[in-house]
Each structure stands twice: as C-alpha cells, then as structure tokens.
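In: Below is the structure, and that's it, no one-letter string:
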C-alpha cells in the first residue's frame with residue numbers, strides 16, 4: 001500500500017457528526033473527507049458527493065475510488081445519506097429527497113460550511129436537486145448523474161430494468177438477486193466481481209438496512225409524499241449552473257430521461273458517456289472527473305454571475 005493509498009483509505013477518511021433536523025431529530029451521519037489543505041482547493045467551494053440508493057449503497061462504494069482525484073482539486077466530502085452506510089437509519093418522514101437534503105444541510109451547518117458544489121448519482125442526484133431548490137444560497141454548481149426524481153422516462157417503461165432488479169432484491173434478498181441488480185449498473189460486466197457483491201450484500205443486510213430501504217422506497221409511492229419527489233415538475237425553478245451526465249447505456253434511469261431536464265433547467269448542459277451505464281464515476285472514471293472538474297472550475301461568485 002502506497003502513502004497515497006493510506007491517506008485516502010476508507011478508515012483514514014471516515015468521519016462522523018451528530019446533527020439535528022426537524023423531521024429526523026438527532027441523528028449521526030457518517031462521511032469521508034479528503035483535500036482542502038490549500039493549493040488548488042484553497043479558494044474553491046467544497047464539493048459534496050451524494051451516492052445512489054441501491055442495496056448496499058454508500059458514499060464509499062459509489063465514490064471511494066474517485067476521492068483522490070477530486071480531493072486534488074477540492075475539499076471533498078462523501079456523505080452517507082440517512083439510511084445508508086455508516087449513517088443512522090431513522091424512518092423517513094415525508095419524501096426522501098427532502099428528508100435527506102435537510103440532513104445534509106444540517107451537516108454543513110455543523111461543519112461551518114456556508115456553500116458547496118453538489119455532485120449526486122441517482123438517488124443522490126435527487127437529494128442534490130431538492131437541496132438546491134430548498135436552499136439555493138447553499139449551492140454553487142450541480143453535477144447530476146442519471147438523477148432520480150428529475151429523470152423523466154419518455155420512451156422506456158416503468159419500472160426500468162434496473163429499478164425492477166432493485167425491487168426483486170427487496171422482495172427476496174440474496175446474493176444472486178444483488179448480482180443481477182449490480183449487473184444492470186454497468187456495461188463492463190468484469191466490474192461485477194464476487195468481492196463487490198459480498199461487500200454490498202453485507203451492507204444491504206446489516207441491521208436496519210432493509211427497513212431503511214423500505215422506508216425510503218415507500219416515500220416515493222405513498223400518495224401523501226410521492227409528488228414531492230417528482231422533481232421534474234420543479235426543474236424550471238432551478239437557477240444554478242447544472243451539468244447533467246448520463247451513461248448512454250444506463251438501464252436504471254435511461255438516457256431519454258435527460259431530455260425534459262435539459263429543456264426545463266435554464267442553465268443545464270448535458271454530457272453523455274458512450275459504452276457506460278449508471279455508474280459513470282466508475283465506468284468512465286477519468287473522463288467523468290475531467291468533465292466534472294472543468295465544469296466546477298468555471299464557477300464564479302454569485303455577485304459576478
């Protein structure tokens with residue numbers, strides 16, 4: 001193991017914080033942190049990265065390998081959203097995107113961070129957008145990867161293949177069902193290793209994990225809270241510069257889901273990665289980092305926009 005590997009290891013970067021929100025009360029959030037020691041990151045907003053919502057998902061499983069590259073440019077925080085990874089798993093009150101966005105803002109308050117860039121994958125993309133809509137002054141720029149809530153499938157059936165595999169696992173958790181789900185995340189099936197399946201299975205079946213996923217999932221079907229998760233209805237209100245990124249072969253939130261978002265968000269642009277599924281940060285890692293960093297580096301303070 002090199003010195004860099006040690007600096008950016010899972011345990012070396014892990015942090016926890018106790019925060020309080022109106023909906024969840026006091027909860028502990030787990031996150032990983034790197035960068036921010038001056039240099040290029042010294043005069044830039046911190047970057048918060050929010051993971052997807054599949055079984056066994058966490059900030060580390062989604063973004064751990066990407067942390068060194070982004071931390072070279074930005075103070076970077078990989079946050080376990082409520083119900084995932086090392087964070088507490090309270091019952092969701094209201095729609096999950098709003099529930100999680102409030103928790104992330106509480107963490108930023110705890111850390112004394114007034115404004116950040118947000119990068120969200122899938123479920124995390126929905127949380128990032130809800131946060132930007134609810135707390136616009138807390139956000140600089142947005143990078144959304146096949147985001148939930150904002151993606152509106154114009155031609156694909158619902159549920160999509162990836163969402164159906166997620167539902168299959170929830171109904172009957174097994175390693176085989178988890179492998180089938182992960183296989184829909186990527187084009188390159190060599191990435192679906194036994195080690196990855198075991199790691200995700202352990203997290204997906206940890207105490208409280210299944211109950212947390214069920215609570216999160218119901219918030220998107222409950223008639224009382226589902227509409228609050230239909231973020232495409234509010235996309236026209238988003239005034240932040242937004243980079244939509246999509247894998248061309250995404251089988252969870254297919255590419256046609258980008259069309260409405262690209263049309264509705266006034267400052268949106270779209271980058272599509274060929275031969276890439278739902279995990280662009282893994283399957284197109286170098287290009288994804290280059291595109292995202294170039295976009296974020298163009299940020300100017302609000303007064304000069």
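Out: Structure's in. What do you need? None of the values given here were measured: they were computed from a predicted structure. Numbering: from 1, shown residues only.

In: ranges for the strands of the stretch 51-200 of the chain?
Out: For the stretch 51-200 of the chain, strands defined by DSSP state E, counting those that start in this stretch occupy the ranges 76-79, 116-121, 139-145.

In: Pull the residues that contact the last one.
Out: Contacting residues not belonging to strand 139-145 are listed as 45, 115-122, 125, 128-129, 131-132, 150, 238, 240-246, 261, 278, 280-281, 292, 295-296, 299 [C-beta atoms under 8 Å, 6 or more residues apart in numbering]. Bear in mind the C-beta positions are built from the backbone N, C-alpha and C, glycine included.

In: so of the residues you listed, which ones are in helices?
Out: Among the contacts of strand 139-145, the members falling in helices (DSSP state H) are 125, 128-129, 131-132, 261, 280-281, 292, 295-296.

In: Tell me the one of those residues nearest residue 154?
Out: residue 261 (11.2 Å; C-beta to C-beta).

In: Quick check: that closest one touching residue 149?
Out: No. Shown here, residue 261 and residue 149 do not form a contact pair, counting by C-beta atoms under 8 Å, at 9.9 Å.

In: Spit out the residues that contact the two alike.
Out: The contact lists of residue 261 and residue 149 share residue 232, where a contact means C-beta under 8 Å, 6+ apart.

In: So the two - more neighbours on which side?
Out: residue 149 (28 against 25; other C-beta atoms under 10 Å).

In: and that one, what does it touch?
Out: Here residue 149 is in contact with 97, 125-126, 129-130, 229-232 (criterion: C-beta under 8 Å, 6+ apart).

In: And for residue 153?
Out: 160, 253-254, 256-257.

In: Not including adjacent chain positions, what is the nearest residue to residue 225?
Out: Distance criterion C-beta to C-beta, 6 or more residues apart in numbering; nearest residue to residue 225, sequence neighbours excluded, is residue 95 at 4.4 Å.

In: same deal with residue 55?
Out: residue 204 (3.7 Å).

In: Residue 168 contacts residue 177, doesn't it?
Out: Yes. Contact criterion C-beta under 8 Å: residue 168 and residue 177 qualify, at 5.3 Å.

In: Please identify which of these two sits among more neighbours.
Out: residue 177 (20 against 16).

In: Against residue 92, how distant is the residue nearest to residue 159 when sequence neighbours are not counted?
Out: Using C-beta to C-beta, 6+ apart and skipping the chain neighbours, the partner closest in space to residue 159 is residue 167 (6.6 Å). In this view, residue 167 and residue 92 are 17 Å apart by C-beta to C-beta, to the nearest Å.

In: Quick check: pLDDT value at residue 303.
Out: Residue 303 is assigned a predicted lDDT (pLDDT) of 49.

In: Residue 240: how many residues sit nearby?
Out: Around residue 240 there are 21 residues (other C-beta under 10 Å).

In: Name the single longest strand found in the protein.
Out: strand 25-34 (DSSP state E).

In: which residues are in contact with that strand?
Out: Under C-beta under 8 Å, 6+ apart, the answer for strand 25-34 is 7-8, 10, 13-21, 59-60, 64, 67-68, 70-71, 75-80, 82, 85-88, 90, 103, 107.

In: helices or strands next to the helix or strand immediately after that strand in the chain in the packing?
Out: For strand 25-34, the following helix or strand on the C-terminal side (DSSP states H and E) is strand 47-50. Applying 3 or more C-beta pairs under 8 Å, 6 or more residues apart in numbering; DSSP states H and E, one finds that strand 47-50 makes contact with helix 59-63, strand 76-79, helix 96-111, strand 116-121, helix 123-134.

In: any idea how far strand 47-50 is from the chain center?
Out: Taking the mean of its C-alpha atoms, strand 47-50 sits 7 Å from the chain's own mean (C-alpha atoms, centre = their mean, to the nearest Å).

In: who does it pair up with?
Out: Partners of strand 47-50 in the sheet, by DSSP bridges, are strand 76-79 (parallel), strand 116-121 (parallel).

In: Mind putting those into CSV with mean neighbour count?
Out: As requested, those are exported to CSV (neighbours: other C-beta atoms under 10 Å):
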stretch, mean neighbour count
strand 76-79, 28
strand 116-121, 28
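
In: Nearest to residue 220, out of those?
Out: strand 116-121 (15.9 Å).

In: now the angle from the closest one to helix 123-134?
Out: When axes from the mean of the first three to the mean of the last three C-alpha atoms, to 10 degrees is applied, the directions of strand 116-121 and helix 123-134 differ by 140 degrees.
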